[in-house]
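next come a sequence and a model predicted from it.
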Amino acid sequence: MEHAQKPLLRALSGEALWPPPFWLMRQAGRYLPEYRELRAQAGDFISLCTTPELAAEVTLQPIRRYGMDGAILFSDILMLPWALGQELRYAEGEGPLLAPIRDAAGLSALRPDMVRPNIAPILETVARVRAGLAAEAPRTTLIGFAGSPFTVACYMVDGKGGKDFAETRRLAYVDPLLFGKLIRLLVDSTVEYLLAQAEAGAEALMLFDSWAGLLSPAQFRRWSIEPAAAIVRGIRKARPDIPLIGFPRLAGPLIVEYADRAGVGTVAMDTGMDPRWAAAQVAPGVTLQGNLDPQAVVAGGAAMEAEARSILAAMRGRPFVFNLGHGIVPPTPPEHVAALARVIRTG
Ligand SMILES: Cc1c2[nH]c(c1CCC(=O)O)Cc1[nH]c(c(CCC(=O)O)c1C)Cc1[nH]c(c(CCC(=O)O)c1C)Cc1[nH]c(c(C)c1CCC(=O)O)C2
């Protein structure tokens, strides 16, 4: 199939398609028995992300089951700090643990020069997935991704997962010079990382700013919108046309400013965003993506269907990509995802 004919690429480029194309955040993962099997085979999560045969296979698993319009590279936003040399492990049941960076010495230990060699296996995964899609699912678009600088910094500074990232937000106020240096380093490394994914075969790129909504409005402009805009400029210099998706999670009404200023063509809505409000407030040329509650997919049945249909109704007539408002969760029954795909495909 001709590259420009892929439905997801068309929607990301501003076309209103009906039924809309769809994919689901975290569509490869623990709710799928075939994922759990390969995960066990790989041992730990980082090995899975850095073993191209396995990571490519995991990326393709949900496409084989459900035929999504987008395949998102199987990796993690924390593979960039890992590639920069920060100590990282994923503890069973605890989530990610990193050696926290809180001072100039910690910052200067990072190795931007090592990103390129360290990401080699991830780029090989991208190339394998692209070839796999060409053979098995020629209408499906390959999405590369990175975390946004602020969200990645949350883990680098706090050193673990959490819900409020107090250390990171405090550091941004107490030592904005140091924090700004970390953010700039992440901007540059992220541009390099995303361009390398595009070169290896990613056809669209997404920036996950999962914790943007923790910031005050002024801090949101400084640490979410500005770095995203700098990344977009860096990518556009080399790849003026590649579709870019931004996800400023929990931004609330600031999603409008993000859509105006970050420079991405598509903005992803989180679960709490009213799609009718977003449709009215976000510039009509911007594609919207989202935003079914992941818990509605756990529930399934009539409740899931009603929620999905109300999102579809709100988005009718505008460039739109159906997705969840956050990642699919492990207790999701796989048959509910199949039922959701049927609802979306009937428009
Ligand atoms: C904040 C964030 C992370 N990772 C990611 C984000 C941004 C999106 C969001 O807000 O969810 C993004 C991510 N993580 C993963 C992907 C792969 C592609 C896909 O969406 O299917 C993507 C795009 C795989 C993963 N990343 C992780 C897993 C689980 C690892 C396992 O199998 O044990 C997967 C499949 C681990 C991870 N990775 C992260 C945490 C906090 C955790 C532990 C909690 C958890 O397990 O969900 C950081």
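Thanks, I have it.

enumerate the residues of the stretch 201-347 of the chain near the ligand.
Within reach of the ligand by CB under 6 Å from any ligand atom, the stretch 201-347 of the chain has these residues: 208, 210, 327. Placement of C-beta: from N, CA and C, glycine included.

put the buried members of those into a PyMOL selection.
A single PyMOL command selects the buried members of these (16 or more other CB atoms under 10 Å):
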select buried, resi 208+210
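
these two touch, right, residue 50 and residue 121?
Yes - shown here, residue 50 and residue 121 form a contact pair, counting by CB atoms under 8 Å, at 4.4 Å.

mind listing what the residue of the stretch 101-250 of the chain found nearest the ligand touches?
Nearest residue of the stretch 101-250 of the chain to the ligand: residue 210, at 3.2 Å (CB to the nearest ligand atom). Going by CB atoms under 8 Å, 6 or more residues apart in numbering, residue 210 touches 77, 147, 151, 247, 249, 326.

mind redoing it with 7 Å?
By CB atoms under 7 Å, 6 or more residues apart in numbering, the contact set of residue 210 is 151, 249.

and the gap between residue 76 and the ligand?
Note on residue 76: its distance to the ligand, by CB to the nearest ligand atom, to the nearest Å, is 4 Å.

where does that residue land in three-state SS?
Following DSSP: H, G, I helix; E, B strand; the rest coil, we place residue 76 in the coil state.

check what pLDDT the nearest residue to it once chain neighbours are set aside gets.
Nearest-residue entry for residue 76: residue 49, 6.0 Å, with adjacent residues in sequence omitted and distances by CB to CB, 6 or more residues apart in numbering. On pLDDT, residue 49 comes in at 98.

interface residues of the stretch 51-200 of the chain facing the ligand?
By the rule CB under 6 Å from any ligand atom, the part of the stretch 51-200 of the chain lying against the ligand is 72, 74, 75, 76, 77, 78, 90, 95, 96, 145, 161.

lowest-confidence entry in the residues you listed?
Minimum pLDDT for those is recorded at residue 95 (92).

quick one, phi/psi of the nearest residue to that one once chain neighbours are set aside?
Spatial nearest neighbour of residue 95, excluding adjacent residues (CB to CB, 6+ apart): residue 161 at 3.8 Å. Residue 161 adopts backbone torsions of phi -70, psi 170, taken as degrees, to the nearest 10.

quick one: contacts for residue 161?
95, 96, 155.

still on that earlier bit, ok, the residue nearest to residue 76 - how many residues close by?
Neighbour count of residue 49, defined by other CB atoms under 10 Å: 23.

got a pLDDT number for residue 113?
98.

what does residue 107 give?
Residue 107 carries a pLDDT value of 98.
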